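K.L.:
From the sequence below, what's the structure:
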Amino acid sequence: MKLRGAVALLVLVSALAWSTHAGDISGQWTATFNTQVGEQHYLYTFKVDGEKLTGTAKSDNGTSDIENGTVKGDDVSFVENLDYQGQKLVITYAGKISGDEIKFTRDVAGAAKEDLVAKRVK
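P.N.:
You can find the predicted model right below:
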């Protein structure tokens, strides 16, 4: 009976450690990808507190604060409010964390969907 309890505890602790690690995206991430307006270069700086995600998205067009960000397990989402040539663009991100990569799909103001991969800066 003690062995069964120990194994169950080990499985629980391992699962909790993995789920905590899966959402630990704090730090800097880079991405280069093609869009309707040409190649974009991004540096994302993420800060995670529990399930809350904050930080910045710095691109060739300037720096935007990350808003409404969440990290739940290996799912991540946030909003970038980009000032593009005097126009406010709401860009919504949804992604899946996989080690040192995040595969994102972003919706640019409802006008375009773009896929990109962000990689952790080491």
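K.L.:
what separates the spatially most central residue of the chain from residue 93, distance-wise?
P.N.:
Centroid check for the chain by Cα atoms, centre = their mean gives residue 76 as the closest residue, at 4.8 Å. Relative to residue 93, residue 76 is positioned 8 Å away (Cβ to Cβ, to the nearest Å). Bear in mind the C-beta positions are built from the backbone N, C-alpha and C, glycine included.
K.L.:
With residue 113 instead?
P.N.:
Relative to residue 93, and taking Cβ to Cβ, residue 113 is found at 11 Å.
K.L.:
How about residue 51?
P.N.:
Counting by Cβ to Cβ, the gap from residue 51 to residue 93 is 16 Å.
K.L.:
quick one: strands adjacent to the helix or strand where residue 45 lies?
P.N.:
Following DSSP states H and E, the helix or strand that holds residue 45 is strand 38-49. Its sheet considered, strand 38-49 pairs with strand 27-35 (antiparallel), strand 52-59 (antiparallel) by DSSP bridges.
K.L.:
if we can go back for a sec, what is in contact with residue 76 and residue 93 at once?
P.N.:
Counting by Cβ atoms under 8 Å, 6 or more residues apart in numbering, residue 76 and residue 93 have no contacts in common.
K.L.:
what angle sits between the host helix or strand of residue 115 and strand 27-35?
P.N.:
Residue 115 is part of strand 112-120, with elements assigned from DSSP H and E. Angle between the axes of strand 112-120 and strand 27-35 is 140 degrees (criterion: axes from the mean of the first three to the mean of the last three Cα atoms, to 10 degrees).
K.L.:
which strands and helices sit next to strand 112-120?
P.N.:
Contacts defined by 3 or more Cβ pairs under 8 Å, 6 or more residues apart in numbering; DSSP states H and E place strand 112-120 against strand 27-35, strand 38-49, strand 101-108.
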